[in-house]
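A.B. asks: Sequence and predicted structure, then a few things I'm wondering about:
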Amino acid sequence: MYTALPQVTRWIRIIVCSVLLCALFAASGCRKKGAGIEVPFWHAMGGEVGSALEEMVADFNASHPGPPVMPVSMGSYESLSQKLMASVAAGEPPVLAQVYESWSAQFMASGAVMPMGPYVRGSEGLDPQELDDIFPVLIEGNTWQEELWTFPFNKSVPAFFYNRDMFREIGLDPDRFPETWDEFVHTARRLTRDLDGDGRTDRWGFAMPVNVWIFGCLLLGNGGALLSPDGTEAAFDGPAGVDALEKIAKLLKEDRVAYLTTGYQHQDDFLAGKVGMIQSSIASYAFMKSKITFDIGIAPFPATEERAVLVYGTNVALFARSTPEQRDRAWEFVRWFTSPEAQARWSLATAYVPVRRSALELPAMSGWFEELPGLRETMLQMEHGRLEPRIQEWFAGRRLLGELALEPVLRGHETPELGLKKAARHFDAELEAARR
């Protein structure tokens with residue numbers, strides 16, 4: 001049986017982990033005494049995305065005289081989280097780091113970070129027009145008690161990738177991806193085929209891993225929520241959540257147009273032509289583009305009752321145990337990185353959504369939109385984006401939702417209503433433990 005983990009136990013683990021940081025500090029150059037000022041920037045970007053980030057940091061350092069920003073990749077968000085928590089406990093955090101909203105709440109409570117607001121409003125900050133250029137949901141996601149504590153960094157929306165050649169093959173317009181969930185299911189039925197007549201499906205309409213993102217978007221589209229308005233209990237187990245999970249399960253069990261995968265297998269199968277449509281982060285295009293051998297399309301999440309999607313990705317935070325000069329330099333980098341021109345460059349390299357609306361209007365982005373049908377509309381989902389709960393307990397809530405509800409329901413071991421109720425009970429226990 002799952003039991004809530006007291007917050008003190010978590011912090012004990014964090015403090016124990018801090019002893020492992022000595023080698024990390026030595027390697028990362030967090031405080032090079034006698035060697036001049038540096039601005040360590042911890043992030044989780046890897047592969048081509050990590051290379052793109054490091055190139056942009058290098059260009060900033062070369063074109064903007066001052067203390068160098070030093071990017072240090074932690075390899076994964078899980079590793080970044082662990083090392084940030086431990087570094088704060090040890091009193092040796094970086095100057096700047098990627099953070100999720102739920103991490104920010106914890107760092108703010110412990111006094112580990114400083115608000116970005118004074119920098120945004122300062123003489124080297126952003127004017128009202130520039131602030132209005134940032135998608136509202138991203139300002140909301142970085143604001144607590146009317147103060148801007150963190151700043152948007154790499155942001156993603158859900159995307160449906162589809163094989164336009166397959167659409168043509170079955171007589172569908174490749175420029176018109178299904179706009180509603182019902183249309184999506186109908187299209188998946190048409191794409192699912194037994195190509196060799198042996199009685200077994202050879203090509204599928206859809207493939208997916210156990211996916212909180214799809215569930216969350218359907219939940220919001222049904223008018224539901226993940227958390228109650230007062231933040232004291234789960235809300236995903238209501239009628240809107242049950243209907244959302246039933247829709248996903250129906251693809252597998254009743255319609256038989258989809259199958260479950262693990263990891264990134266759904267992307268591999270899509271690239272191999274085994275499946276006509278998949279859902280993933282818009283940023284997945286950066287990892288798939290070199291392997292694509294067919295005419296690919298990209299589209300927004302199909303609507304249910306209302307347009308609403310979950311926005312994923314991280315922000316950046318300034319840590320308090322740094323000098324004013326280091327923080328000034330970090331803000332200079334953040335402002336440069338989030339300029340329309342830099343955001344267009346970042347988006348072209350990574351497929352993340354620019355945080356500035358005006359970046360979408362630049363010539364480089366316009367050319368890309370012409371090359372990849374549906375990309376602009378997919379990015380503009382940010383206009384009706386919503387956030388996951390910004391509390392640290394959502395770490396557990398998200399895991400419980402997947403392990404106790406989505407996984408057993410989609411594997412056929414539980415009903416949507418009972419699975420969601422079970423996950424909600426355990427999440428409520430987690431919330432109660434945090435209040436004690």
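C.D. replies: Sure, I can see it.
A.B. asks: helices or strands next to the biggest helix by length in the chain in the packing?
C.D. replies: Using DSSP state H, we find that the single longest helix of the chain is helix 416-435. In this structure, helix 416-435 packs against helix 239-253, helix 394-400, helix 407-410, with contacts taken as 3 or more CB pairs under 8 Å, 6 or more residues apart in numbering; DSSP states H and E. (Glycine included, C-beta is placed from N, CA and C.)
A.B. asks: what's the first one in contact with?
C.D. replies: When contacts are taken as CB atoms under 8 Å, 6 or more residues apart in numbering, the neighbours of helix 239-253 outside the stretch itself are 181, 185, 188, 206, 208, 211, 214-215, 218-219, 221-225, 235, 257-260, 405-406, 409-410, 412, 416-417, 419-420.
A.B. asks: what does the average pLDDT come to for it?
C.D. replies: Averaged across helix 239-253, the pLDDT comes to 98.
A.B. asks: Tell me the first helix or strand C-terminal of that helix.
C.D. replies: For helix 239-253, the following helix or strand on the C-terminal side (DSSP states H and E) is strand 258-261.
A.B. asks: Export that next one to CSV, keeping only CA atoms.
C.D. replies: The C-alpha trace of strand 258-261 is given here as CSV (Å, rounded to 0.1, in the frame of the first residue of the first chain):
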residue,chain,number,x,y,z
ALA,A,258,-4.4,2.3,-31.0
TYR,A,259,-1.8,0.4,-28.9
LEU,A,260,0.3,1.2,-25.8
THR,A,261,4.1,1.7,-26.0
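A.B. asks: So what's the gap between the helix or strand encompassing residue 41 and the chain middle?
C.D. replies: Assignment of secondary structure by DSSP H and E places residue 41 within strand 39-43. Put simply, strand 39-43 sits 20 Å off its chain's centre (CA atoms, centre = their mean, to the nearest Å).
A.B. asks: continuing past that strand, what's the next helix or strand?
C.D. replies: helix 47-63.
A.B. asks: Need the residues that contact that following helix.
C.D. replies: Residues contacting helix 47-63 (CB under 8 Å, 6+ apart): 41, 43, 45, 68-69, 71, 73, 283, 286-287, 333, 336-337, 342, 345-346, 349-350.
A.B. asks: Repeat that for stretch 178-194.
C.D. replies: 160, 166, 170, 172, 200-206, 218, 221, 247, 250-251, 255-258, 276-277, 299, 302-304.
A.B. asks: Pull out the buried members of those.
C.D. replies: By neighbour count, with 16 or more other CB atoms under 10 Å, those hold 160, 166, 172, 203-206, 218, 221, 247, 251, 255, 257-258, 276-277, 299, 302-304 as buried.
A.B. asks: Could you export stretch 177-187 as PDB, CA atoms only?
C.D. replies: The C-alpha coordinates for stretch 177-187 follow below in PDB (Å, rounded to 0.1, in the frame of the first residue of the first chain):
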ATOM      1  CA  PHE A 177      -6.000  17.200 -39.400                       C
ATOM      2  CA  PRO A 178      -9.100  16.300 -37.200                       C
ATOM      3  CA  GLU A 179     -10.200  19.300 -35.300                       C
ATOM      4  CA  THR A 180     -12.300  17.500 -32.700                       C
ATOM      5  CA  TRP A 181     -11.700  14.300 -30.700                       C
ATOM      6  CA  ASP A 182     -14.600  12.500 -32.500                       C
ATOM      7  CA  GLU A 183     -13.000  13.300 -35.800                       C
ATOM      8  CA  PHE A 184      -9.700  12.100 -34.600                       C
ATOM      9  CA  VAL A 185     -11.200   8.700 -33.600                       C
ATOM     10  CA  HIS A 186     -12.800   8.400 -37.000                       C
ATOM     11  CA  THR A 187      -9.500   9.100 -38.700                       C
END
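A.B. asks: helix/strand/coil for the residue nearest to residue 110 when sequence neighbours are not counted?
C.D. replies: Among residues not flanking residue 110 along the chain, residue 88 sits closest, at 6.6 Å (CB to CB, 6 or more residues apart in numbering). Following DSSP: H, G, I helix; E, B strand; the rest coil, the label given to residue 88 is helix.
A.B. asks: can you tell me how far residue 88 sits from residue 43?
C.D. replies: 16 Å (CB to CB, to the nearest Å).
A.B. asks: out of these two, which sits in the more crowded spot?
C.D. replies: Ranked by neighbour count (other CB atoms under 10 Å), residue 88 and residue 43 place residue 43 first, with 25 against 21.
A.B. asks: how close does the residue lying closest to the more buried one once chain neighbours are set aside get to residue 385?
C.D. replies: Excluding its sequence neighbours, the residue lying closest to residue 43 (CB to CB, 6+ apart) is residue 98, at 4.8 Å. Separation of residue 98 from residue 385 (CB to CB): 19 Å.
A.B. asks: Kindly report the same for residue 69.
C.D. replies: 28 Å.
A.B. asks: try residue 356
C.D. replies: 15 Å.
A.B. asks: about what we covered before: check the residue nearest to residue 110 and give its pLDDT.
C.D. replies: In this model, residue 88 is scored at 95, pLDDT.
A.B. asks: ditto for residue 378
C.D. replies: For residue 378, pLDDT reads 98.
A.B. asks: Wait, a strand at it?
C.D. replies: No: assigned with three-state DSSP, residue 378 falls outside any strand and is helix.
A.B. asks: Please verify my assumption that it contacts residue 309.
C.D. replies: No: counting by CB atoms under 8 Å, residue 378 does not reach residue 309; the two are 9.8 Å apart.
A.B. asks: Mind listing the shared neighbours of the two?
C.D. replies: 157, 300.
A.B. asks: Mind giving me the packing neighbours of the strand holding residue 41?
C.D. replies: Against strand 39-43 (3+ CB pairs under 8 Å, 6+ apart) you get helix 47-63, strand 69-73, helix 77-90, strand 96-99, helix 324-337.
A.B. asks: same thing but at 10 Å, please
C.D. replies: helix 22-28, helix 47-63, strand 69-73, helix 77-90, strand 96-99, strand 312-319, helix 324-337 (3 or more CB pairs under 10 Å, 6 or more residues apart in numbering; DSSP states H and E).
A.B. asks: Surely residue 434 touches residue 391?
C.D. replies: Yes: between residue 434 and residue 391 a contact is recorded at 8.0 Å, counting by CB atoms under 10 Å.
A.B. asks: anything in contact with each of those two?
C.D. replies: Common contacts of residue 434 and residue 391 (CB atoms under 10 Å, 6 or more residues apart in numbering): none found.
A.B. asks: what residue is smack in the middle of the chain?
C.D. replies: The chain has residue 312 as the residue nearest its centroid, 2.6 Å off, counting by CA atoms, centre = their mean.
A.B. asks: Specify the angle between the strand holding residue 41 and strand 312-319 in degrees.
C.D. replies: 160 degrees (axes from the mean of the first three to the mean of the last three CA atoms, to 10 degrees).
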